[in-house]
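could you look at this predicted model? Sequence included:
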Amino acid sequence: MTKSKTLFTLITSLFLFALSFVSLPVYGSTPTEQVTLTPQEFATLKTNFDTLESTINNQLNTINELEMQLKVAKLSTSEQKNELIQALNLIQEQKTQLTEARNLLQKQEQMLNEQKLSLAKAEIYLEQQKSEIKKAKIQQRNSKLLNILLGGAVVYLVAKD
C-alpha cells in the first residue's frame, strides 16, 4: 500500500511539474516569455495527461481494492479470534468435565476397593462359618454315634437283666 501511495505521489508530482511548463510562466526569472505549443506538442501533452490521469485512476482503484481486502482480512481475523475464543472456552469446559469425571472415577474406584475388602472379610467369615458347620456336623455325628452306642449299651444292659 505504501508503494501505491509513493507511486501516486510521484505521478502527481510529475503531472504538476509538466503542467507548470505548459501554461504557467516562471516568476522570478528575468524575462517572462509565453510558451507556445504546436498542435502536435499539445496532442502529445494531452495524451500524456490522459495517460497520467488513467494511471492515477487505476492506482486509486487499486488502493480502494486493497483497503477493501484489508477490511475483509480484519473482519476475518476478528471472526477467527472469536472462533478461537469459543474453542478455548469449549476446551476449558471439556477439561472441567474430564476433571469431574476423573474425580468420580477415583471415588468409584475407592468404593470398589472398599467393597473388595468387605467381600474379602465376608469370604473369611464364610470360611470360618463353614469350618464351624463342619465341626458342628462332626460333633453332631459323634453325638449320634455316642447316643447310638449308649442306647445300644442301655438295651444290652436291659436285655441282659
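Structure received. This is a predicted model, so every value here is computed, not measured.

going by C-alpha atoms from here, please, whenever you check contacts or count neighbours.
Noted.

so how far is Lys81 from the most centrally placed residue in the chain?
The residue lying closest to the centre of the chain (CA atoms, centre = their mean) is Ala87, at 4.1 Å. The gap separating Ala87 from Lys81 is 10 Å, by CA to CA, to the nearest Å.

and the one helix or strand the residue nearest to the centre of the chain maps to, what does it pack against?
Assigned by DSSP states H and E, Ala87 belongs to helix 39-160. In terms of contacts (3 or more CA pairs under 8 Å, 6 or more residues apart in numbering; DSSP states H and E), helix 39-160 is packed against helix 2-22.

any idea of the mean pLDDT for the helix it packs on?
For helix 2-22, mean pLDDT rounds to 64.

ok, stretch 127-135 next?
95.

now stretch 85-92
The model assigns stretch 85-92 a mean pLDDT of 92.

off-centre distance for that stretch?
6 Å (CA atoms, centre = their mean, to the nearest Å).

next one: stretch 149-157
The answer for stretch 149-157 is 94 Å, by CA atoms, centre = their mean.

same question for that stretch: list its buried residues.
Neighbour-count burial for stretch 149-157 flags no residue at all (criterion: 16 or more other CA atoms under 10 Å).

so what touches it?
The contact list for stretch 149-157, computed with CA atoms under 8 Å, 6 or more residues apart in numbering, is empty.

try it again with 10 Å
Ser143, Lys144, Leu145, Leu146, Asn147, Ile148, Val158, Ala159, Lys160, Asp161 (CA atoms under 10 Å, 6 or more residues apart in numbering).
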